[in-house]
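Peer 1: predicted model follows, preceded by the sequence.
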Amino acid sequence: QVQLVESGGGLVQPGGSLRLSCAASGNIFSIVTTDWYRQYPGKQRELVASITSDGSRNYADSVKGRFTISGDNAKNTVYLQIHSLKPEDTAVYYCNSNLKTRVDGPTYSYWGRGTQVTVSS
């Protein structure tokens, strides 16, 4: 069984910074990609950043320059560093990992339960 747990959210003033973590645990052979999404109330989740196992990164245009995704393969953990936080960054942030549980197996997608980020003075 595989579990993804996000952490690091909270209440931050505009202009502040946060580092979100997404820790994967369980029966993991390899993680192919990990994505960070955010979801506003009543809206669909939107992709904000992605990282592959070889370190390739992609960002939504709306967050380029302020969000940085990184990974620690040894810890099966992916981070999302957010700088210059704005009120419009207020959302629940979720991570999604596509991973294999065995070398010759298929790729499965797992989601965490999310972490709330609130940007307010």
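Peer 2: Arrived safely, thanks for sending.

Peer 1: low-scoring stretches of the protein, by residue?
Peer 2: For the chain, no stretch has pLDDT under 70.

Peer 1: tell me the centre residue of it?
Peer 2: Taking C-alpha atoms, centre = their mean, the centroid of the chain lies closest to W36, which sits 3.1 Å from it.

Peer 1: hmm, that residue is touching R19, no?
Peer 2: No. Under the criterion of C-beta atoms under 8 Å, W36 is not in contact with R19, lying 11.7 Å apart. Heads up, the C-betas are built off the backbone N, CA and C, glycines and all.

Peer 1: next, the contact list for the nearest residue to G26 once chain neighbours are set aside, please.
Peer 2: Excluding the flanking residues, the one nearest G26 by C-beta to C-beta, 6 or more residues apart in numbering is V2, at 3.9 Å. Counting by C-beta atoms under 8 Å, 6 or more residues apart in numbering, V2 touches 24-28, 97, 99, 101, 108, 110.

Peer 1: same check, this time on L85
Peer 2: Contacts of L85 by C-beta under 8 Å, 6+ apart are 12-18, 66, 117, 119.

Peer 1: with P14 instead?
Peer 2: 85-87, 119-121.

Peer 1: ok so, going back, list the buried ones in the host helix or strand of the residue nearest to the centre of the chain?
Peer 2: Of the helices and strands defined by DSSP states H and E, W36 is found in strand 30-39. For strand 30-39, burial by neighbour count (16 or more other C-beta atoms under 10 Å) applies to 31, 33-38.
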